[in-house]
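coordinates only, sequence not included:
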């Protein structure tokens, strides 16, 4: 009986020691790995902290099919996707981005957003305008 318990304990220790911990990704790594698609936009018009206006519902499909790629060099590429709102628009546009405030804020093309959530699947940014604010939600493709 003692031999079986010792064997089980050794196997358990070996199993636990052989498991490698998943590497924790930085916000930059999560952001710059893969491409993003806008999946939501909401406005808190009265400044009470509740987003009562669904702006995304009014967006044209030529805007909601755009694809965004954040690159490690501080550039972000917006691709018009399969449909363009204006055929004369370029297929891609490049703007600058950077994290600030200990990666709790992002400046994208001169606008400062509060990073409300960033994960391997979701990016949620808040933009404040005085008493009211908007948030945009991106989902990784």
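The structure has been received and is ready for your questions. As the structure is a computational prediction, the values presented were derived from the model and not from experiment.

mind listing the strands for this protein?
Along the chain, counting by DSSP state E, strands occupy 36-44, 53-54, 67-70, 75-79, 92-100, 105-108, 111-118, 122-129, 132-140.

wait, which of these is closest to residue 30?
strand 111-118 (5.6 Å; C-beta to C-beta). Placement of C-beta: from N, CA and C, glycine included.

could you say what helices and strands the closest one packs with?
helix 27-32, strand 105-108, strand 122-129 (3 or more C-beta pairs under 8 Å, 6 or more residues apart in numbering; DSSP states H and E).

and the gap between the spatially most central residue of the chain and residue 100?
The C-alpha lying nearest the average C-alpha coordinate of the chain belongs to residue 123 (C-alpha atoms, centre = their mean; 2.3 Å). Separation of residue 123 from residue 100 (C-beta to C-beta, to the nearest Å): 16 Å.

go on, residue 65?
With C-beta to C-beta as the criterion, residue 65 and residue 100 are 30 Å apart.
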